[in-house]
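Asker: Sequence and computational prediction follow.
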Amino acid sequence: MSEHCCDAMAHQVAGRCDRHDDPFECPDALVTFDARFQEYGLIIHDGGTSAVGITFCPWCGSRLPASRRDRWFEELEQRGIDPWSDEIPAACNDGHWLRA
């Protein structure tokens with residue numbers, strides 16, 4: 001198993017379509033995962049990048065981790081980084097900043 005709650009979730013998050021580079025454009029893509037914030041969402045196929053956050057896995061029923069969005073912004077602030085105008089370090093663009 002991976003860092004996700006079950007194999008089905010891991011498969012959904014890692015799944016790539018050979019016809020669509022962007023999961024928001026692929027009608028078969030169901031779940032999005034933002035490693036920065038540890039947030040899961042169900043993709044809303046409305047032509048944009050809309051998703052609705054979820055707190056439980058649709059396949060195994062496990063509680064998903066709480067969002068780390070606020071903590072991410074606090075971490076950048078502590079580092080003196082403005083997320084709206086400064087370049088974000090690569091380690092902060094995925095889940096690595098949580099393990100540092």
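Answerer: Done, it's in.

Asker: Can you tell me, leaving aside adjacent residues, what's nearest to residue 95?
Answerer: Distances taken as Cβ to Cβ, 6 or more residues apart in numbering place residue 35 nearest to residue 95, at 4.2 Å, with adjacent residues excluded. From N, CA and C alone the C-beta is placed, and that goes for glycine too.

Asker: quick one: pLDDT of the one you found?
Answerer: Each residue has a pLDDT score; the one for residue 35 is 89.

Asker: Assess the claim that it and residue 91 are in contact.
Answerer: No. Proximity of residue 35 to residue 91 does not meet the contact threshold set by Cβ atoms under 8 Å, at 11.1 Å.

Asker: Compare the two (neighbour count), which wins?
Answerer: Neighbour totals were compared for residue 35 and residue 91, and residue 35 leads with 15 against 12 (other Cβ atoms under 10 Å).

Asker: how far away is that one from residue 49?
Answerer: 16 Å (Cβ to Cβ, to the nearest Å).
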